[in-house]
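Chemist: I would like the atomic coordinates for the input below:
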Amino acid sequence: MASLVALHAKTLFLMDSVIQPQIQRAELRDFAQVARGQVQQHLNTAVPIQQDLSPSP
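Modeler: Below you'll find the predicted structure:
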């Protein structure tokens, strides 16, 4: 689960800092925004699952 959370976070970082600034066509920018929202939703779902699976101290 930790890998899943890390990869989703890294994907969001790359989308925001590398991909989005380079998109020039509006329809591609719109598609990227939708895809980013889906990745964010997956991350929002994965984080609580990871927390539930982590042993408490």
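
Chemist: give the buried residues for the host helix or strand of Q38.
Modeler: Here Q38 sits within helix 26-53, counting by DSSP states H and E. Across helix 26-53, burial judged by 16 or more other C-beta atoms under 10 Å covers A32, R36, V39, H42, L43, A46. From N, CA and C alone the C-beta is placed, and that goes for glycine too.

Chemist: then stretch 12-24?
Modeler: M15.

Chemist: look at that stretch and report the distance between its end residues.
Modeler: For stretch 12-24, the first-to-last residue distance is 19 Å (C-alpha to C-alpha, to the nearest Å).

Chemist: residue ranges with poor pLDDT in the protein?
Modeler: 56-57 (pLDDT under 70).

Chemist: who are the neighbours in contact with the closest residue to Q40 other than its chain neighbours?
Modeler: Leaving aside its sequence neighbours, Q40 sits nearest to L12 (C-beta to C-beta, 6 or more residues apart in numbering; 6.4 Å). For L12, the contacting residues are R36, V39, Q40, L43, by C-beta atoms under 8 Å, 6 or more residues apart in numbering.

Chemist: if you set the cut-off to 10 Å instead, what comes out?
Modeler: L12 is in contact with R36, V39, Q40, H42, L43, counting by C-beta atoms under 10 Å, 6 or more residues apart in numbering.

Chemist: what is the helix holding Q38 packed up against?
Modeler: Judged by 3 or more C-beta pairs under 10 Å, 6 or more residues apart in numbering; DSSP states H and E, helix 26-53 is in contact with helix 2-14, helix 20-22.

Chemist: for P55, find the nearest of those.
Modeler: Closest approach to P55 among the helices and strands packed on helix 26-53 (C-beta to C-beta): helix 2-14, 12.6 Å.

Chemist: now do the closest one: distance to the chain's middle.
Modeler: 6 Å (C-alpha atoms, centre = their mean, to the nearest Å).
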